[in-house]
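In: sequence first, predicted model second:
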Amino acid sequence: MSGRRGGNRIRGPQSALTDFLAANNISAAQIRDDYERRRREAEQDAGNAGEGPSNAATEQTEDEALAVAAQAEEAEKKSKKRKRTEEEAIDKIKKAKATKKGKGKGKKKGKKDDLDDDNDDDADYDDDFGMYKKAKPVPGQLEHCDICNKRFTVTPYSKEGPDGGLLCAPCGKELSKDLKKEQRAVTKAASTGKKRRKVESDRLDGIAVGGAKSLSQLCIQKVAQHHDDIEELGDLPQSVLERLSEIFSKKRVMKSKTLPLFLRPDLDSVVVHDAAYLEEEDYQQIFAIVPNVRKLVLSNTCQLKDGAIDYMLERCHDLRHIQLYAANLVQEGMWHRLFREAGAKLEVLKLKWLDAAFEDLVVRDMVKYCPNLERLKLKLCRRLGEDAVVSISDLPELKHLSLQISQDVSTPTLVNLIEKRGSGLQTLSLEKFIDADDSVLEAIHENCTQLSKLRLSENDTVTDAGYTALFTDWDNWPLTFADFNSTRDIDNNNSEGPEDAIGLASSGFRALMEHSGAALKHLNIASCRHIELSAFMDVFNGAQNYPLLEHINLSFCNRADTSVVAGIFKSCPALKQLVAFGCFDVQDVVVPRNVALIGVPRAQDAIEQFGIGIGVDEAISRMVEVAA
Amino acid sequence: MASETDYVTLISKDGFSYVVQRSSARISPVLKRMLDPTGAFLEAKDNTCILQDMPGIVLEKVCEYFYYNEKNKDARDVPEMDIPTELCLELLMASDYLDI
């Protein structure tokens, strides 16, 4: 008795039962509290609906079937209940701390309560036996681990096991590692920042501009996600198969294992945009399974070798379209053989990124053995030069020609090419012919009458007068695709350019739109920085109408400003995409419906802005208000 | 000629029938043409389309997609509809057939 003086928290037993419990380290007060709380919750839950499947449906409204609405309600109730349980857990923890038990005890009770709430019977059952459950031992005591049954000393940091008891240190560490992995997986799946970026990236790819994605798109994404689990693709039609192969290539999962999904004996085209992981056997498999292939598209085919081409020539006798990008392990002899044996039927040939083995002589052989070649694309083949262009001029059936040759090609050669083949050409694309001059344009003017796609880019010799002369009184029908990007004078000392403008400038631009405005679909005048504001205003002034124009790129035309953009919206009813990087006078644009405006920056805005469901007229009137 | 009802019926291969709003079924150009009252198709008269190749579970997801699409037509940053993995290949074929 003399021991009980100020500050001494040891109390004597209140009753015989409490005495007995205390001797076994069980706190009667705590048991009473827990029982009261459990009873309270049981009463409240009796009023709630039972547990439904937790559907994270928060965005569905009355349009959906009633079942889904009911599910949404249940989900709400469950989240309310979860919140309540959380609050109570916090209370328990506080109480537990007050009674000097570990934090684990609070959690433990929380879990038990959840289980109890499911079933009223359980609560009653537990009530009777609650007092016999062993309480958490105080730190400092010895205890057996729940998982491995080893004896260890209880510390304030002892982790709690799945059955409610405590764990020894190593088991506890393992458990927390597993928990952390789960948590990370959950947060990764639910990270909203990533979702938004993905939505914007899809929009830039032109997949979804406003509104929901198409069902095909959603399914293809899902398939690509689970590419590991797919056994076979069944009877999908060829177009869907090609879209799927595009997505697989994009995600870099086109490997030996997934390739067979796309190979069926009845197909007539094999399209693999990323064949970097495919090896010798895979190529042979392609030709073995699909011997009737007519269109063969293999990009990034770094591992394609002579043996595979040999097998291809043996098996596939119907090849019409060959597109091999980066096939650098194929030797020169094999190229010669390819053209000799398969050249007769070949109609389309597209080769990029070729190096030592592909030289002018090979091109000469190609022209000799492929008389039916209609489409030819040769870009970034390091060894090709003047002779190659000379040879190409002799292809009789050529309709579509696309060249990017790094070695110097003299202008007369180009002129010769156009004079010989110009009348039959529907597509002409000459990239990076830096020294080509006005005579090339004259040749086009004289000889080409069937062109629908014209590209002359990255050139700093052709003058504006040349472009004007080309488009004035030209017998050709209106172009659908015009690309003159990066045609301007490159002289760092004279940024305004010379008096007689070089590259596509004001008068050339006016002439181009006058000639082709009615049929133009794609217009690319990026970096044609000598085009003056007056020219833009004359062309895009709302009175003119360009009914088919869908894609415009006027990046780095720094004379363009907001009124030009407004004029574009007015003049181009079919506009889908307007790219305007580096146009610093374009500000405060209100984008109408279905239009994607890319590249107009303010520090805080998104780099792309999308139409927000308003019409063109309303958008323009809003812009006028802002400007005023 | 039958007048345009608000709802149409879609019947699957295994006999399940789904009643959906006409405006949402019209999202598929195929169904739109089938149900067009000015056309002479039997489907337009009965306001019913029988889809011979589609199992019921797939058709159910398709109907769900109709409503999801119609609801989110003008919205931005739309959350994607959930598609169970087992269904996705058949659903892909169905979406290709219906052109949605």
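Out: Looks like it arrived, so ask away. Residues are numbered from 1 along each chain as shown, chains lettered A, B, ... in the order given.
In: show me chain A divided up by domain.
Out: A:2-127, A:136-204 (automatic domain parsing).
In: mean pLDDT for those domains: which is lowest?
Out: When these are compared on mean pLDDT, domain A:2-127 scores lowest, with a mean of 61.
In: which residue is nearest the centroid of chain B?
Out: For chain B, residue B:25 is the residue whose C-alpha lies nearest the centre (CA atoms, centre = their mean; 4.6 Å).
In: wait, that one touches residue B:9, no?
Out: No - if you go by CB atoms under 8 Å, residue B:25 and residue B:9 don't touch, sitting 9.5 Å apart. C-betas here are computed from N, CA, C, even on glycine.
In: common neighbours of the two, please.
Out: Common neighbours of residue B:25 and residue B:9, using CB atoms under 8 Å, 6 or more residues apart in numbering or on different chains, are residue B:49.
In: for the residue nearest to the centre of chain B, list the residues it contacts.
Out: Residue B:25 sits next to B:8, B:10, B:31, B:32, B:35, B:49, B:66 when contact means CB under 8 Å, 6+ apart.
In: would you show me how to pick out the buried ones of those residues in ChimeraX?
Out: Restricted to buried positions by 16 or more other CB atoms under 10 Å in any protein chain shown, the ChimeraX selection for the contacts of residue B:25 reads:
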select /B:8,10,31,35,49,66
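In: and the helices in chain B?
Out: Counting by DSSP state H, the segments of chain B that form helices are B:22-25, B:29-35, B:42-46, B:56-71, B:88-98.
In: confidence-wise, which of the ones you listed is weakest overall?
Out: Set side by side, the helices of chain B give their lowest mean pLDDT on helix B:42-46, at a mean of 85.
In: who are the packing partners of that helix?
Out: Other helices and strands packing on helix B:42-46, by 3 or more CB pairs under 8 Å, 6 or more residues apart in numbering or on different chains; DSSP states H and E, are helix B:29-35.
In: distance between the helix it packs on and the chain's centre?
Out: 9 Å (CA atoms, centre = their mean, to the nearest Å).
In: ok, and what's touching it?
Out: For helix B:29-35, contacts defined as CB under 8 Å, 6+ apart pick out B:8, B:10, B:22, B:25-26, B:39, B:41, B:43-44, B:47, B:49, B:97-99.
In: chain A contacts on chain B?
Out: When proximity is defined as CB under 8 Å from any CB of the partner chain, chain B approaches chain A at B:62, B:65, B:67-81, B:83, B:85, B:88-89, B:91-96, B:98, B:100.
In: pull out the buried members of the residues you listed.
Out: Neighbour-count burial (16+ other CB under 10 Å) is assigned, among the residues of chain B next to chain A, to B:62, B:65, B:67-72, B:78, B:81, B:83, B:88-89, B:91-96, B:98, B:100.
In: residue A:89 and residue A:292, how far apart?
Out: Residue A:89 sits 67 Å away from residue A:292, going by CB to CB, to the nearest Å.
In: which of the two has more neighbours?
Out: Remark: of residue A:89 and residue A:292, residue A:89 carries more neighbours, 17 against 14, as counted by other CB atoms under 10 Å in any protein chain shown.
In: my read is the more buried one is in a strand, agree?
Out: No - according to DSSP: H, G, I helix; E, B strand; the rest coil, residue A:89 belongs to no strand; its state is helix.
In: how close does it sit to residue A:36?
Out: Noted for residue A:89: a distance of 16 Å to residue A:36, by CB to CB.
In: the nearest residue to residue A:481 once chain neighbours are set aside: neighbouring residues, count only.
Out: Once flanking residues are discounted, residue A:481 sits nearest to residue A:453: 3.9 Å by CB to CB, 6 or more residues apart in numbering or on different chains. Number of residues near residue A:453 (other CB under 10 Å) recorded here: 18.
In: these two touch, right, residue A:475 and residue A:451?
Out: No - using CB under 8 Å, residue A:475 is not in contact with residue A:451; the gap is 10.2 Å.
In: who has more neighbours, the two?
Out: Neighbour tally, residue A:475 and residue A:451, criterion other CB under 10 Å: the higher count belongs to residue A:451, 22 against 10.
In: touching, residue A:597 and residue A:576? I think so.
Out: No - contact criterion CB under 8 Å: residue A:597 and residue A:576 do not qualify, at 10.7 Å.
In: related to what we said a few turns ago, surely the residue nearest to residue A:481 touches residue A:428?
Out: Yes - with contact defined as CB under 8 Å, residue A:453 reaches residue A:428; the gap is 7.3 Å.
In: which residues does the residue of the stretch 251-400 of chain A found nearest chain B contact?
Out: Minimum separation of the stretch 251-400 of chain A from chain B (CB to the nearest CB) falls at residue A:261, amounting to 10.6 Å. Residues in contact with residue A:261 (CB under 8 Å, 6+ apart) are A:230, A:232, A:233.
In: where do the helices of the stretch 351-500 of chain A begin and end?
Out: In the stretch 351-500 of chain A, the segments counted as helices under DSSP state H, counting those that start in this stretch are A:360-369, A:386-392, A:411-421, A:438-447, A:464-471.
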